[in-house]
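Novice: Got a sequence here, can you model it:
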Amino acid sequence: MIQDKDLDFLKACSHQELDNLVHILIYDKD
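Specialist: As a prediction, the model looks like this:
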């Protein structure tokens with residue numbers, strides 16, 4: 001089972017990854 005601390009870690013990582021993806025998607029269009 002996934003523990004709460006693991007969930008918090010995944011949330012932090014996924015949030016950062018999403019920010020990176022959004023940045024790439026926005027600025028790599030041109």
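Novice: And the average pLDDT for the strand or helix carrying K5 is what?
Specialist: Taking DSSP states H and E as the criterion, the element that holds K5 is helix 4-27. Computed over helix 4-27, the mean pLDDT rounds to 84.
Novice: now D4: how far from L18?
Specialist: Taken as Cβ to Cβ, to the nearest Å, the spacing of D4 relative to L18 amounts to 21 Å. To be clear about C-beta, it is placed using only N, CA and C from the backbone, and glycine gets the same treatment.
Novice: roughly how far apart are L25 and D8?
Specialist: From L25 over to D8 the distance is 26 Å, taken as Cβ to Cβ.
Novice: same thing with I26?
Specialist: Distance of I26 to D8, computed by Cβ to Cβ: 27 Å.
Novice: swap in K29?
Specialist: Note on K29: its distance to D8, by Cβ to Cβ, is 33 Å.
Novice: So which of the two has more stuff around it?
Specialist: D8 (10 against 6; other Cβ atoms under 10 Å).
Novice: so who does that one touch?
Specialist: With contact set as Cβ atoms under 8 Å, 6 or more residues apart in numbering, D8 has no partners.
Novice: Sort out which residues of stretch 19-29 are buried, please.
Specialist: Along stretch 19-29, not one residue counts as buried under the neighbour rule (16 or more other Cβ atoms under 10 Å).
Novice: So if I had to pick from D4 and L18, which one is more boxed in?
Specialist: L18 (10 against 7).
Novice: From L25, how far off is that one?
Specialist: Following Cβ to Cβ, the distance that separates L18 from L25 is 10 Å.
Novice: same deal with Q3?
Specialist: Distance of Q3 to L25, given as Cβ to Cβ: 32 Å.
Novice: What of D4?
Specialist: Using Cβ to Cβ, D4 is found at 31 Å from L25.
Novice: Could you do H15 as well?
Specialist: Applying Cβ to Cβ, one obtains 16 Å for the distance of H15 from L25.
Novice: again with C13
Specialist: 18 Å.
Novice: Next: D6.
Specialist: Distance check for D6 against L25: by Cβ to Cβ, it reads 28 Å.
Novice: Over to M1?
Specialist: Applying Cβ to Cβ, one obtains 34 Å for the distance of M1 from L25.
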